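**Student:** need a structure here:
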Amino acid sequence: MNYHTRKWIKPEDLNPNQTLFGGRLLQWIDEESALYAIIQLETPRCVTKFISEINFVSSAKQGDIIEIGILATDFGSTSITLRCEVRNKMTRQTIITIDKIVFVGVDLEGKPTKHGKTKIEFIKDRLRNQDENQY
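**Tutor:** I've put the predicted structure just below:
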């Protein structure tokens, strides 16, 4: 699992119990997952199709630093399925897990589009391949 995004828990992120508001965390997860899907599918238009059971394992409090981990687990002809785990950066304690988040690449009319992807690709590898193809 790759942990790329970190968030610092601030007062505006808290619920009345003075812990991280679940809705805020889900907003961050959806955004991070969408960015991951857009990069992997190489399309600027991806929509959230499905989110499986959300398991809140522990909480975070003001001042904590959390990190969001995303892993691609499957590629459909128009979709990508991701797994997510959020953990406390300092203690490594899991805060939330989501087994399945499905994104679909869409065209300008919102219709699913085939992407032709079958595996995770990293930008550095794409750039290297472009450089190799130029010569």
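**Student:** could you measure from the residue nearest to Asp99 when sequence neighbours are not counted over to Ile95?
**Tutor:** Once flanking residues are discounted, Asp99 sits nearest to Ser52: 5.0 Å by CB to CB, 6 or more residues apart in numbering. In this view, the C-beta of every residue, glycine as well, is placed from N, C-alpha and C. Per CB to CB, to the nearest Å, Ser52 is found 17 Å from Ile95.
**Student:** what do you get for Leu82?
**Tutor:** Per CB to CB, Leu82 is found 17 Å from Ile95.
**Student:** list the contacts for the residue nearest to Asp99?
**Tutor:** Ile98, Asp99, Lys100, Ile101 (CB atoms under 8 Å, 6 or more residues apart in numbering).
**Student:** just give the nearest non-adjacent residue to Lys10, would you?
**Tutor:** In space, Lys10 is closest to Gln62, 6.8 Å off (CB to CB, 6+ apart).
**Student:** count the neighbours of the one you found for me.
**Tutor:** As a burial measure, Gln62 scores 14 neighbours (other CB atoms under 10 Å).
**Student:** I figured it hits Gln18, correct?
**Tutor:** Yes. Assessed by CB atoms under 8 Å, Gln62 is found in contact with Gln18 at 6.9 Å.
**Student:** buried ones in the longest helix anywhere in the chain, by neighbour count?
**Tutor:** Ranked by residue count under DSSP state H, the longest helix found in the chain is helix 22-41. Neighbour counts using 16 or more other CB atoms under 10 Å place Arg24, Leu25, Trp28, Ile29, Glu32, Ser33, Ala34, Tyr36, Ala37, Ile38, Gln40, Leu41 of helix 22-41 among the buried residues.
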